[in-house]
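*Asks:* quick one, what's the 3D model for this:
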Amino acid sequence: MKPLHAAALALVGWYLMIPPSAGNLDGACNGKSFFWNVVGTLSTQDRLNSETAMCNRESRRLVASAPLSKWKRVGFDETLAECQARYEEHQKAPSNGRVMAKLELKDEGQASPSDEELKSRADSLTRFLKAQTAAEKCVASADPRLKEK
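*Replies:* The predicted structure follows:
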């Protein structure tokens, strides 16, 4: 690598990017899913259980093929080393969907789900969180794909 090129890369900021779920990309789900509210914008509007359940299911479908401009940015103008360290932290963090599963089921009107239903939902959320974490990547702030629509 030429010194000038290395110097230019040193001046660029880096983001840890997290891929979206189908629920994040579906405008109809904004404010209708517990998981959307956790990673998106909190909403206090009344929600219909069937729509909420559909959005909750969409929120557990990873869309790693979405344009980079739709991914969530973590950090702000970090160095590449800082971004890579954050990535490594995320890879080592445990993924447990049990608490989110309880809240998601309550949000759908199931305040007292069976143990089997809770375990199934928690397993589904845990698989999603692990897949989402595995798909994270560091991207330079100057990457033109961040501006795509």
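
*Asks:* the nearest residue in space to Leu62 that is not next to it in sequence: how many residues sit nearby?
*Replies:* Among residues not flanking Leu62 along the chain, Ala131 sits closest, at 5.1 Å (CB to CB, 6 or more residues apart in numbering). Where you see a C-beta, it was placed from the backbone N, CA and C, and this is true even at glycine. Using other CB atoms under 10 Å, Ala131 has 16 other residues around it.

*Asks:* list the buried ones in the helix ranked longest in the chain?
*Replies:* The residue-count maximum for a helix in the chain (DSSP state H) belongs to helix 115-134. Under the neighbour-count criterion of 16 or more other CB atoms under 10 Å, helix 115-134 has Leu118, Arg121, Ala122, Ser124, Leu125, Thr126, Phe128, Leu129, Ala131, Gln132, Thr133 buried.

*Asks:* mind pulling up the pLDDT for the nearest residue to Pro113 once chain neighbours are set aside?
*Replies:* Nearest non-adjacent residue to Pro113, counting by CB to CB, 6+ apart: Leu105, 4.6 Å away. As predicted, Leu105 sits at a pLDDT of 86.

*Asks:* quick revisit: now the longest helix of the chain: mean pLDDT?
*Replies:* Here the average pLDDT along helix 115-134 is 92.

*Asks:* which other helices and strands does that helix contact?
*Replies:* If you count contacts as 3 or more CB pairs under 8 Å, 6 or more residues apart in numbering; DSSP states H and E, helix 115-134 packs onto helix 80-92, helix 98-107.

*Asks:* mind redoing it with 10 Å?
*Replies:* With contacts taken as 3 or more CB pairs under 10 Å, 6 or more residues apart in numbering; DSSP states H and E, helix 115-134 sits against helix 34-39, helix 49-58, helix 80-92, helix 98-107.

*Asks:* got the angle for the longest one vs helix 115-134?
*Replies:* So the one you mean is helix 80-92. In terms of direction (axes from the mean of the first three to the mean of the last three CA atoms, to 10 degrees), helix 80-92 departs from helix 115-134 by 160 degrees.

*Asks:* for the second one, same thing?
*Replies:* Counting by the same axes, to 10 degrees, helix 49-58 lies at 40 degrees to helix 115-134.

*Asks:* for helix 49-58, buried residues please.
*Replies:* Thr52, Ala53, Met54, Cys55, Asn56, Arg57, Glu58.
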